[in-house]
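Enquirer: give the three-dimensional model of this entry:
(chains A, B and C)
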Amino acid sequence: MNWEVGSGLNIASVLIVVIVIAAMLIWVERRLLGFWQDRLGPNRVGPFGLLQVVADMIKIFTKEDWVPPFSDRFSFVLAPGIIMIVILMSFSVIPFAPGVGVINSNIAVLFVLAMASLGAYSVMLGGLSSNNKYALLGSLRAAAQMVSYEVFMGISLLGVVALAGSFNLREIVVAQENGWFIVPQFVGFVIFLIAGVAESHRLPFDIPEAEQEICAGYHTEYSGMKFGMFFVGEYLGLVLISSLITVLFFGGWHGPLLPPIVWFVIKAAIFIAFFILLRAAIPRPRYDQLMTYGWLFLLPLSLLNLLITGALILL
Amino acid sequence: MISLFYVAAIVAVIASMLVIIQVNVVHALIYLVLSLLAIAVVFFSLGAPFVAVLEAIVYAGAIMVLFLFVVMMLNLGHASRQQERVWLATSGWLLPSLLAGVLFWGVVSSLPSIDLSVSVIGAREVSIRLFGPYVLAVELASFLLLAGLVSAYHIAKR
Amino acid sequence: MSTLIKKSLFAKLLALVKDTLTSQVVSLWKVFRHLWVATDTVQYPEQQPYMFPRWRGRIILTRDPEGEERCVACNLCAVACPVDCIALQKTEDEAGRWYPEFFRINFSRCIMCGFCEEACPTNAIQLTPDFEMAEYKRQDMVWEKEDLLISGTGKYHESNFYRVSGKAIKGKDKGEARNESSPVDVRSLLP
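Expert: The predicted structure is shown next:
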C-alpha cells in the first residue's frame, strides 16, 4: 500500500504546532475582535498580552472538574475527548509543505469529511448526557446543523476533486501549480466557506451554543479542562477549516520567493483572520433560517456547481 | 496489516456484543458507532480504503447521528433502562446464544482458509465497477432513494 | 403558474445574492476598516480617566470658610438615605454650635445615590469624583467622622450656615447674621 507516513519528528512537530497555534488563537481572536470593536483586547499578561494563553491555561487546569451527579457520566466524559481526537486526526492528512505532513493518503478528502461527521457526536453526546434542557436544545440544533451542512461541504469539495482527479490532498495541491482552484471553483469555495463555518459552529453560525438564547448550549454543564477541550477544539476546527481552504482552493504551499511552509502559514492565517472578522461583523441567523438557507439554496447550488464542473471536464 | 485486521475485528465483535447487553440506549449507540468504525478499519486493512471511509462517513457519521437524534427526542429515562434490564434476564438470552454459538462454530469451522494478500482498491476502481457492470444496481438504488426523498417531502409537507 | 413560481424563485435568488453583497459583505468591510480606527480604551491604572466634577463618588464632610464643621447633625441625610448607611449623633459645644458626636457611613451599603447631598441644608455632606474605594476587609468599609471630614469647603466655597441663620452662637449674637436685621424689642414703644 502506498501510505507514506511522516517521521516521528514530523508527527510530533505537527501535533505540537497545531495545538499551540489553536491555543494562541484564543489570544489572537480576542485581540483582533478588540481592534475591530475599537478596544484593545487582552494586553496585560506579558508583552502585548501574549502570555494570556498561559494564564488561561493555568486557570482552566486548576478549576474544579465537576461532573454533574445528574449526568450520564460515561458519555459526559467521552464527549469532549471526541472533538479533540477527531480534529487532530483530521490534521494528519493536511499537506503543509513538501515533506511536511503526517500521512500522504489517497482518501484524504474523504477522511477529513468522515472525521468532521464524527465530530457531531462530541456535541450531541455532550448535550444529551448533561441532562439539562439548554444543553439538549443546543445539541439538537447542533445535530441538525452539522448533519445538513456536512452534505454541502462534501458536495462542494467534489468539484475540486474532479478537477484534480484525486482524493489525495497532496496531489490536489500539486495540481494547482499553474492556477489556484479558486478561479474555476469560486462557487464551490463560497459554499465550502459557509459550510465550514457551520461545521465548526463558529459565529455567525454558533446556533448550538448561542449564549443569548440557550446559555452556552451543549457545554452548559462543562467546567474545567473538559470545557477547555471543547474550547480548544473549536479553535482547532477553525485552523483545520482554514488549512483545508488553503489546500483545496488557494494552492496550498505554492507561492513565489518565500519557502513553501511560510506561504501555507500566511494563507491559512488570512483565512483564520477572516473567520474572526466574520465573528465580529455578522449577526447570528435564526435556526430555521440556517436550515432553509442550507437545504433550499446551498444544496441545489452545490449540485449545480458539481454538474457544470463535471460537464466542462468531460467536454 | 494482518494484525490490524485482527485487532479491529476483535474490537468490532466485542463492541457489537456490548451493544446488545447495554441497558442505556445512548451507551449502546456509542458502542454501535465503535463497532462500525472497527468494521471500517477491517475494510481498510483488507485493501479497500475507499469503502472504509464511506462506511465511516455514511454509517458512523450520518445514520448513527440520526439514531442519536431520535433517541434525544424520545426522552428515554429510568423506566426504559428498567425495561431493558427485564428483557436482559438470563432465561431470555441463554438458549438463543447457545444456538448462536453452535451456528458460529459451524460457520467458522467451515470457512476456507484464504490468502489475505491485499491489493488496494481505490475510488477509481470502485467507480469504474459501479458505473460499468453494476450500473443497473446503481440506478435501482437511486430509484429507491428518490422514492424515499419524495415520501419524506410528502410527509414534511403536512 | 409554473412560470410564476420560476420567476419568484429566481427573484428570491437574486434578492439573496444582492442582500449578501450589499448587507453582509459591506458590513464585513466596514468592520474591517476599524482596524485603523483609534481605540477608545483608557488604560486605567496607568492612565486616569477624566472624572466629571458632579460624579457621585466617595462621600466627604466639609468645613465652612472659617474652618469649622458645617454639619449641624440635623439627621436629614440619615433620613434621606435609602439604604440606611448613615449613622450620627448630635452634640453641642460651649459656643452653642451643633455638630455630630460621631458620623459613620457604611460604604459597603452605600449606593452613591447622592440623596444625602440633596437633603443636606448646610452643604456639609458632599459626593466627590473619587471611586477607588476597594478594601480587603469589609470592616474597613465603615468610615468614621475623622475619615470623612476634610479641611476644605468642597464644592460650595461660600456656604456658611451660622453666618446666615438666626441661631446665636458665641461671637455672633441674634441679628448679627448676614442680611439679618436686629431683633425687634417687643417691650419698647419706640418705632
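Enquirer: let me see the backbone angles for residue A:51.
Expert: With angles defined as degrees, to the nearest 10, residue A:51 sits at phi -80, psi 10.
Enquirer: surely it touches residue A:43?
Expert: No: using CB atoms under 8 Å, residue A:51 is not in contact with residue A:43; the gap is 10.8 Å. Glycine gets a C-beta too; all of them are placed from N, C-alpha and C.
Enquirer: out of the two, which sits in the busier spot?
Expert: residue A:43 (18 against 15; other CB atoms under 10 Å in any protein chain shown).
Enquirer: now do the strand of greatest length in chain C: everything it contacts.
Expert: Counting residues, the longest strand in chain C under DSSP state E turns out to be strand C:98-106. By CB atoms under 8 Å, 6 or more residues apart in numbering or on different chains, the surrounding residues in contact with strand C:98-106 are C:59, C:61, C:69, C:71-74, C:85-93, C:141-145, C:148-149.
Enquirer: one more time with 6 Å, if that's ok
Expert: C:59, C:69, C:71-73, C:85-92, C:142-145 (CB atoms under 6 Å, 6 or more residues apart in numbering or on different chains).
Enquirer: report the buried residues of the helix or strand following that strand.
Expert: Using DSSP states H and E, the helix or strand that follows strand C:98-106 in sequence is helix C:115-119. Under the neighbour-count criterion of 16 or more other CB atoms under 10 Å in any protein chain shown, helix C:115-119 has C:115-117, C:119 buried.
Enquirer: quick one on the thing from earlier: in its sheet, what does the longest strand of chain C sit against?
Expert: Take DSSP bridges as the rule and strand C:98-106 pairs in its sheet with strand C:86-92 (antiparallel), strand C:142-143 (antiparallel).
Enquirer: most tightly packed of those strands?
Expert: Among the strands paired with strand C:98-106, ranked by average contacts under mean count of other CB atoms under 10 Å in any protein chain shown, first place goes to strand C:142-143 (a mean of 18).
Enquirer: just checking, next helix/strand downstream of it?
Expert: Going down the chain from strand C:142-143, the next helix or strand is helix C:145-148, by DSSP H and E.
Enquirer: kindly report the residues of chain B close to chain A.
Expert: Residues of chain B found near chain A (CB under 6 Å from any CB of the partner chain) are B:26-27, B:49, B:53, B:56-57, B:61, B:65, B:68-69, B:72, B:120, B:122-123.
Enquirer: the same query, at a cut-off of 8 Å, please.
Expert: Within chain B, the positions adjacent to chain A are B:1, B:24, B:26-27, B:30, B:33, B:37, B:47, B:49-50, B:52-54, B:56-57, B:60-62, B:65-66, B:68-69, B:71-73, B:118, B:120, B:122-123 by CB under 8 Å from any CB of the partner chain.
Enquirer: may I see the PyMOL selection of the buried members of the residues you listed?
Expert: Those of those that count as buried under 16+ other CB under 10 Å are selected in PyMOL with:
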select buried, chain B and resi 26+27+30+33+37+47+49+50+52+53+54+56+57+60+61+65+68+69+71+72+122+123
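Enquirer: which ones among the residues of chain B next to chain A lie within helices?
Expert: Among the residues of chain B next to chain A, the ones falling in helices (DSSP state H) are B:26-27, B:30, B:33, B:37, B:49-50, B:52-54, B:65-66, B:68-69, B:71-73, B:123.
Enquirer: quick one: the residue nearest in space to the middle of chain C from residue C:81, how far?
Expert: Central residue of chain C (CA atoms, centre = their mean): residue C:56, 2.6 Å from the mean position. Going from residue C:56 to residue C:81 by CB to CB, to the nearest Å gives 13 Å.
Enquirer: return the set of buried residues in stretch C:174-191.
Expert: Neighbour counts over stretch C:174-191 (16+ other CB under 10 Å) mark residue C:177 as buried.
Enquirer: which residues are contacting that stretch?
Expert: C:162-166, C:168.
Enquirer: between which two of those is the distance greatest?
Expert: Farthest pair in the contacts of stretch C:174-191 (CB to CB) is C:164 and C:168. Separation: 13.3 Å.
Enquirer: what is the strand or helix carrying residue A:113 packed up against?
Expert: Remark: residue A:113 resides in helix A:108-130, with elements defined by DSSP H and E. When contacts are defined as 3 or more CB pairs under 8 Å, 6 or more residues apart in numbering or on different chains; DSSP states H and E, helix A:108-130 packs onto helix A:73-91, helix A:133-164, helix A:169-175, helix A:224-249, helix B:25-45, helix B:49-54, helix B:64-74.
Enquirer: so it versus helix A:73-91, what angle?
Expert: Here helix A:108-130 runs at an angle of 160 degrees relative to helix A:73-91 (axes from the mean of the first three to the mean of the last three CA atoms, to 10 degrees).
Enquirer: domains for chain C, by residue range?
Expert: C:2-36, C:59-164 (automatic domain parsing).
Enquirer: most packed of the ones you listed?
Expert: The highest average neighbour count among these, using mean count of other CB under 10 Å, belongs to domain C:59-164 at a mean of 16.
Enquirer: poorly predicted segments of chain C, please.
Expert: C:1-7 (pLDDT under 70).
Enquirer: 80 instead, please
Expert: Scanning chain C for pLDDT under 80 picks out C:1-10, C:12-13, C:16-17, C:20, C:190-191.
Enquirer: and it, which of its residues are near chain A?
Expert: Residues of chain C found near chain A (CB under 8 Å from any CB) are C:13, C:16, C:24, C:27-28, C:30-32, C:34-35, C:37-41, C:43.
Enquirer: among the residues you listed, which lie within helices?
Expert: Using DSSP H, the residues of chain C next to chain A in helices are C:13, C:16, C:27-28, C:30-32.
Enquirer: and the gap between the residue most central in space within chain B and chain A?
Expert: Residue closest to the average C-alpha location in chain B (CA atoms, centre = their mean): residue B:36, at 4.9 Å. Distance, residue B:36 to chain A, using CB to the nearest CB, to the nearest Å: 10 Å.
Enquirer: ok and the residue in chain B nearest chain A?
Expert: In chain B, the residue that lies nearest chain A is residue B:61 (2.7 Å; CB to the nearest CB).
Enquirer: which of the helices and strands packed on helix A:108-130 sits closest to residue A:309?
Expert: helix A:133-164 (4.2 Å).
Enquirer: how far does the closest one sit from its chain's centre?
Expert: Relative to its chain's centre, helix A:133-164 lies at 12 Å (CA atoms, centre = their mean, to the nearest Å).
Enquirer: now swap in stretch B:110-129 and tell me
Expert: Centroid separation between stretch B:110-129 and its chain, computed with CA atoms, centre = their mean, is 19 Å.
Enquirer: what does the worst-scoring helix or strand of chain B on mean pLDDT contact?
Expert: Sorting the helices and strands of chain B by mean pLDDT, DSSP states H and E puts helix B:78-87 at the bottom, at a mean of 77. Applying CB under 8 Å, 6+ apart, the external contacts of helix B:78-87 come out as B:22-25.
Enquirer: turn the domains of chain C into JSON lines, including distance to residue A:227.
Expert: Converted to JSON lines, those look like this (distance: least, CB to CB, whole Å):
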{"stretch": "domain C:2-36", "distance to residue A:227": "28"}
{"stretch": "domain C:59-164", "distance to residue A:227": "30"}
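Enquirer: of all the ones you listed, which lies closest to residue A:82?
Expert: Closest approach to residue A:82 among the domains of chain C is made by domain C:2-36 (32.4 Å; CB to CB).
Enquirer: and the closest one with chain B, contact?
Expert: No: with CB under 8 Å from any CB as the criterion, chain B is not reached by domain C:2-36; the gap is at least 15.4 Å.
Enquirer: tell me how many other residues crowd the closest residue to residue C:30 other than its chain neighbours.
Expert: Nearest non-adjacent residue to residue C:30, counting by CB to CB, 6 or more residues apart in numbering or on different chains: residue A:281, 7.6 Å away. Counted by other CB under 10 Å, the residues lying close to residue A:281 total 20.
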